[in-house]
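Asker: Kindly return the folded structure for what I paste below:
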Amino acid sequence: MTDIAFLPAKHLANLIRRRRIGSLELLDHYIARVEKYNPVLNAIIATDIPAARRRARAADKDVASGEKLGPLHGVPMTVKESFDVKGLPTTWGVPERKDSIAAQDALSVQRLRDAGAIVFGKTNIPIWLADCQSFNANYGKTSNPWNLDRTPGGSSGGSAAALAAGLTGLEMGSDIAGSIRNPAAHCGLFGHKPTMGICSTLGHTLHENVAPIDMLVIGPLARSAADLAVGLSAIVGLDEIDSAGLRISLPPPQRKRLDEYRVSILVDDETIPLTRDIVALQQELADFLKSSKVSVEIGARPDFDADEAHRLYDIMLRATTSARQTDAEFDANTAARDALSPRDDSKWARMLRGMTLSHRDWTALNESRHRIRWKWHEFFQDFDLMLTPATVMTAIPHTETLPYERTIQVDGTRRPFMNQIWLPGYSNFTYLPTTVAPIGFAGDGMPVGVQIIGPQYGDRTCIQFAGLLEKYYRRFEPPPGYV
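Answerer: Next up is the predicted model:
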């Protein structure tokens, strides 16, 4: 029998509401699992158990007294280390910040509490949230419960490992280059990157910044698509200033049944070589959709140059994160950029140009970005969704090499590791919502996910389609040894 810890959060909240299990009892069950499994996984890196138990007891009293209950009432959960949780560290894996303790909750954490969740801990990340694995000097490395020699992905890697191993009921991550979707795919989970701007990122910061960061979003990871919907509903909304005049009103799903959908699917991607296992599983999914009477067109894309979009995304992503540089680093990078050949279009060259980009040049790139955004809009007049691979390959072995120095083996050929960020870049770059759902296992036994891209503000359609795949095709499976 599968451990209760693996039930969807929505189901757990229902059990608590019906008094089939208490919130404190469930919290203690998760804590026992953390004590048993986390020493090897290193997914959860900080907890406040006394405060969580106080809140769980209060949640149980509210049930007994007939109080109005939120959709996540009494459900124990964790959040990514990069979110402020009062009394717990927020370091982003940066050694100089290892003693930094949050004075208050991030707005999104407060909203989860308002929905009834019992936040009891935080999960691991890479330094600066800047890697597709989860290692940093403050907390060490996190392992994938499907194979301890592999990474769970990143930057929400601790989030995914904790969920997959049944150490928490729900998770919240963040995403600027696949940081929700990459770990969800590598651990066999569901994850949702919302439309940019619909969930306030206030309190997801290292230096108490209040300005939103271009392309950065926050969103849920879960063991079911229904939990993504609940998690998104809990955190969606603007900050105090914007909400005085604006409201977020996401439309309902465009379709109800699987056979009503019109989808494009990329089985392969000539712009970024994929491993044979990824291609094979995408083809199996395409075959299933066709057999289910879904209107499927293989290889249909929006009408823009994918290679050029990839280049723009690489540069603008590095421009977005450029404020991390010290003055000395900026001067050194400017000198290195000036020494580049005009013909040098390597990943490193794009990084240097992005980190030293002038506002004038950024404005020109942003115009190109918005022209691509309108091409997506035109595309979604003919298709409800676009399905792409979520990752180039399955989870890589642990490594401490820097991402830009790293290569990966794609069916016998060495490729730049940073190719990994282009598949999620399709939708990060242009504001689009994207859901990842599990679609099977590669030959090495590791999970693989599909990326479900929808039109701007089509978040509920993406999640709905993921739920239909969960019902009729593949669902979350607990890794062996944790059930």
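Asker: Quick check: Thr388 vs Asn419, distance?
Answerer: According to Cβ to Cβ, to the nearest Å, Thr388 stands 14 Å off from Asn419. Heads up, the C-betas are built off the backbone N, CA and C, glycines and all.
Asker: Now do the same contact list for the residue of the chain most remote from its centre.
Answerer: For the chain, the largest distance from the centre (Cα atoms, centre = their mean) belongs to Ser65, which lies 37.0 Å off. Counting by Cβ atoms under 8 Å, 6 or more residues apart in numbering, Ser65 touches no other residue.
Asker: I'd like to know how far it sits from Arg19.
Answerer: Between Ser65 and Arg19 the computed distance is 12 Å (Cβ to Cβ).
Asker: and the residue nearest the centre of the chain, what does it touch?
Answerer: Residue closest to the mean C-alpha point of the chain, counted by Cα atoms, centre = their mean, is Ile180 at 0.9 Å. Going by Cβ under 8 Å, 6+ apart, Ile180 touches 156, 173-174, 191-193, 219, 221, 436.
Asker: and Pro220, what does it touch?
Answerer: Pro220 makes contact with 170-173, 191-192, 227-228, 230-232, 235 under the criterion Cβ under 8 Å, 6+ apart.
Asker: now Trp422
Answerer: Listed by Cβ under 8 Å, 6+ apart, the contact set of Trp422 reads 271-272, 310, 313.
Asker: ok, so of the residues you listed, who is nearest Ala46?
Answerer: Tyr313 (32.8 Å; Cβ to Cβ).
Asker: Tell me if that closest one really is in a strand.
Answerer: No. Tyr313: not assigned to a strand; according to DSSP: H, G, I helix; E, B strand; the rest coil it is helix.
Asker: now Phe83: how far from Ile235?
Answerer: 10 Å.
Asker: Of these two, which one has the most company?
Answerer: Using other Cβ atoms under 10 Å, the more surrounded residue of Phe83 and Ile235 is Phe83, with 26 against 23.
Asker: how near is Phe135 to Leu221?
Answerer: Here the criterion is Cβ to Cβ. By it, Phe135 lies 19 Å from Leu221.
Asker: Looking at the two, which has the bigger crowd around it?
Answerer: Leu221 (31 against 21).
Asker: tell me the SS of that one?
Answerer: What three-state DSSP gives for Leu221 is strand.
Asker: I'd assumed Gly188 was in contact with it.
Answerer: No. Using Cβ atoms under 8 Å, Leu221 makes no contact with Gly188, being 11.3 Å away.
Asker: coming back round to it: so which of the contacts of Pro220 sit within helices?
Answerer: Cross-referencing the contacts of Pro220 against helices under DSSP state H gives 227-228, 230-232, 235.
Asker: Highest neighbour count among these?
Answerer: When neighbours are counted by other Cβ under 10 Å, Leu228 leads the ones in helices among the contacts of Pro220 with 32 neighbours.
Asker: Which residues are in contact with that residue?
Answerer: Residues near Leu228 by Cβ under 8 Å, 6+ apart: 190-192, 219-220, 222, 435, 463, 466.
Asker: Pick out the most distant pair among those residues.
Answerer: Across the contacts of Leu228, the longest distance by Cβ to Cβ is 12.7 Å; it joins Gly219 and Ala466.
Asker: Out of these two, name the residue with the larger neighbour count.
Answerer: Using other Cβ under 10 Å as the criterion, Gly219 and Ala466 rank with Gly219 on top: 30 against 26.
Asker: quick revisit: between the contacts of Leu228, which is closest to His370?
Answerer: Closest approach to His370 among the contacts of Leu228 (Cβ to Cβ): Gly219, at 22.8 Å.
Asker: confidence score at Ile408?
Answerer: Ile408 carries a pLDDT value of 86.
Asker: Check what contacts the longest helix along the chain and list those residues.
Answerer: Longest helix in the chain by number of residues, with DSSP H as the criterion: helix 359-379. Helix 359-379 is contacted by residues 264, 300-304, 308-309, 312, 315-316, 319, 357, 386, 429-432, 455-456 when judged by Cβ under 8 Å, 6+ apart.
Asker: Which among those residues count as buried?
Answerer: Buried members of the contacts of helix 359-379, scored by 16 or more other Cβ atoms under 10 Å, are 264, 301-302, 304, 309, 312, 315-316, 319, 357, 386, 429-432, 455-456.
Asker: Of those residues, which belong to strands?
Answerer: Judged by DSSP state E, the buried ones among the contacts of helix 359-379 include 264, 386 as members of strands.
Asker: thinking again about what came up before, kindly reformat the ones in helices among the contacts of Pro220 as CSV containing distance to Glu378 and pLDDT.
Answerer: Output for the ones in helices among the contacts of Pro220, formatted as CSV (distance: Cβ to Cβ, whole Å; pLDDT from 0 to 100):
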residue, distance to Glu378, pLDDT
Asp227, 33, 98
Leu228, 27, 98
Val230, 33, 98
Gly231, 31, 98
Leu232, 26, 98
Ile235, 30, 98
